[in-house]
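1. Structure for the following, please:
(2 chains)
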Amino acid sequence: MEAAEQLAASPSLPGAAGAPLGSKLSVLVAQLRDPYAFAGVVIYIAFVLVAIFADALAPYNPNDILFTADGQLAASLPPSAEHLLGTTQLGRDVFSQLVLGARPSLFVGMTAAVAVATIGTAAGLLSGYLGGFVDKLLMRLADILLGLPFLPFVIVVVALIGASLQHVVLAIVLLLWPNPARVIRSQVLTLTQRQFVEAARVTGASEWRIMLVHVAPNILPLSFLYGSIAVGWAILAQASVSFLGFGDSDVVSWGTMLQDAYASQALDRGQYSWFVPPGLCIVLVVLAGFFIGRGYEELLFPKLRDS
Amino acid sequence: MSYVGKRLLHMIFVLWAISTILFFMFRLMPGDPTLAYLDPNFTEEQRQLVRQQFGLDRPLPEQYLIYMKNLAQGEFGLSFRQRQPVSGLMLAVLPNTLLLTMTALLVAYAFGSLFGALLAWKRGGLLETISIPVVLATRAAPEFWIGMLVLAVFAFSLNWFPSGGANIAGARYASEWDRILSLDFLRHLTLPALSLAIYLQGLPVLLMRSNMLEVMREEFVTMARMKGLPERNVMLRHAARNALLPLITAFAITFGQLVGGNVVIETVFSWPGLGHMLVDAVANSDYPLAQGAFLLIALVLVLMNFAADLVYVLLDPRVTHGSR
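-> Predicted structure coming up:
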């Protein structure tokens, strides 16, 4: 799926290269005026706040088995003032689980995004700028990793080395960094042909200085783009892995909630208040990443801006 | 060397690398790696067979060579649980996976290319304001959750379709073709294919839209307009046709990725396919089966990427790879 995603978002940056870092940042800030990108940022901030204050927001401990006033197990209750989204089949509060489920999802999404963007950018820069042996090695590695099926790989890795969130992130990052690396590499290749790089070389700038000061800032928008795409991929992958039962069973996440609902026949009973909200939360967070990414899309297709 | 030859060599290299990675992954597991291939419940006869086939008593490099030789002959060993050759088990479910994937993709891409072209044509209108966020939302939704919603509504609430499996339990058919062409199979196929198609249509819609926007700025479109052709003609005959090309590549790539990505949808609908088999095998520590299913999924993925490259060269004379 990533390669196809890349297909949709891989055209090179015409005209954007060569501008100083300051104006690049102002373009990024200007993106916030785009309603989509703005909505994306607002959604992120909201979920981060929920994750931070989850303990205060959740009325119950998400793992506690609750009982009604007359001592009955509070199983599969419909939504009420006491239980905003009802309870699970084992008498746990769905709303509390939903609130605390924001933490693992955001953790996975953010760490994967930072790691993918960092590794991808570094690999792309080194590969494109140094060329030769380093380039060959990194690109061959990228080819192999892109030949591995995404979700099956994550499942097998987690099954073999243990079901923790860190391992899920590790497997995701391992397979996702080649996408930005490839695109950034080809961007670096065209950038190094530009006159401002030539000019820097003539004034006696060292190779590392050219790479980090003159070339790197021009590929930052691409790093951001792939970072924001990776947030979605990571969250979806983590949810899928948990849903399939290979996740960390001690951690309450939106994926484990959905697995619980599926396995407890909540679908059969039509208990929509249990299995709709976790999915919607995943959609919102992933969508926010797309929105922010789409904000950059206009940066990537400047031709469209004036149409 | 020709471009095709180069790509072919490259593909073989990638396949070799993936099988090697897999060999070491399954052997670097905690515990005795040879145990992974020897189920304690095997009869002595079966143990001997597996030992011989995989050379489990020999040093690692030799095991590796035997493993590669077995793979080249399509020999994946015996499944722990079913006590049958892995290759036979996989071939039995492969048609189910391919049919599910193909149906969902065709529906998604037929809808996607038409709707994407329409969005580009009516750019800036109300349709766009509403559709783009909705389309993006379907891309952002977990496949299995779409499947759960579809299941809850159409199978459990409305009772229109069965909730899982590929055929009614116990049904017998004269041949594989009879089974696939039966009405019962179609009824079972509808919901998983629909869920997948909902998830998949986002990419073709968005891709088609942005291709169309690009193509519509090209001179031959202006030329067609200047000739006084009706707008519908210009859009469909001239612009849309030329915007379709990247979709074909995306179709091939998505197909390859789907065969592996199907794992969740197949699990939600208990669809007896390759992905479901992989999940079951991993969950039950049936390593030979897990390894075989993984390799077959990777093979399809790499083959389809290769096909996507070839299709691109064949269809677009502007793409030349000679200098690379």
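
2. mind listing what B:Ala104 touches?
-> Contact partners of B:Ala104, counting by C-beta atoms under 8 Å, 6 or more residues apart in numbering or on different chains, are B:Pro192, B:Ala193, B:Leu194, B:Leu196, B:Ala197, B:Leu200, B:Leu258. All C-beta atoms are positioned from the backbone trio N, CA, C, and that covers glycine.

3. Looking at residue 307 now. What's its pLDDT?
-> Since no chain was named, I'll use chain A. For A:Ser307, the pLDDT comes out at 35.

4. please go with chain B instead
-> 81.

5. Repeat that for A:Arg33.
-> 66.

6. What segments of the stretch 51-200 of chain B are helices?
-> B:60-72, B:86-121, B:126-140, B:143-150, B:176-180, B:183-200 (DSSP state H, counting those that start in this stretch).

7. just to revisit the earlier point, with pLDDT and distance to chain A as new columns, can the contacts of B:Ala104 be given to me in JSON lines?
-> Below are these laid out as JSON lines (pLDDT from 0 to 100; distance: C-beta to the nearest C-beta, whole Å):
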{"residue": "B:Pro192", "pLDDT": "87", "distance to chain A": "14"}
{"residue": "B:Ala193", "pLDDT": "86", "distance to chain A": "18"}
{"residue": "B:Leu194", "pLDDT": "87", "distance to chain A": "16"}
{"residue": "B:Leu196", "pLDDT": "88", "distance to chain A": "12"}
{"residue": "B:Ala197", "pLDDT": "88", "distance to chain A": "15"}
{"residue": "B:Leu200", "pLDDT": "84", "distance to chain A": "9"}
{"residue": "B:Leu258", "pLDDT": "76", "distance to chain A": "8"}
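
8. Residue ranges in the chain under the pLDDT threshold?
-> Answering for chain A, as no chain was given. A:1-33, A:65-69, A:71, A:73-77, A:81, A:83-85, A:91, A:294-307 (pLDDT under 70).

9. not quite, I wanted chain B
-> Ranges of chain B meeting pLDDT under 70: B:1, B:28-42, B:47, B:50-57, B:80-81, B:156-157, B:165-183, B:260-261, B:315-324.

10. can you do 50?
-> For chain B, the stretches with pLDDT under 50 are B:31-33, B:321-324.

11. Just the buried residues of stretch A:133-149, please?
-> Applying a neighbour-count criterion of 16 or more other C-beta atoms under 10 Å in any protein chain shown, one finds A:Asp135, A:Leu138, A:Met139, A:Leu141, A:Ala142, A:Asp143, A:Ile144, A:Leu145, A:Leu146, A:Gly147, A:Leu148, A:Pro149 buried in stretch A:133-149.

12. near chain B, which of these show up?
-> Contacts with chain B within the buried residues of stretch A:133-149, as defined by C-beta under 8 Å from any C-beta of the partner chain: A:Asp143, A:Ile144, A:Leu146, A:Gly147, A:Leu148, A:Pro149.

13. and of those residues, the nearest to B:Phe144?
-> A:Pro149 (16.4 Å; C-beta to C-beta).

14. Does the closest one touch B:Leu295 like I think?
-> No - look at A:Pro149 against B:Leu295 with C-beta atoms under 8 Å: they stay out of range, at 9.9 Å.

15. tell me the contacts of the closest residue to B:Gly74 other than its chain neighbours?
-> Spatial nearest neighbour of B:Gly74, excluding adjacent residues (C-beta to C-beta, 6 or more residues apart in numbering or on different chains): B:Ser87 at 5.5 Å. Residues in contact with B:Ser87 (C-beta under 8 Å, 6+ apart) are B:Gly74, B:Glu75, B:Phe76, B:Gly292.

16. where's B:Ser87 relative to B:Ile12, distance?
-> Distance of B:Ser87 to B:Ile12, computed by C-beta to C-beta, to the nearest Å: 20 Å.

17. go on, A:Ala261?
-> Distance of A:Ala261 to B:Ile12, given as C-beta to C-beta: 45 Å.
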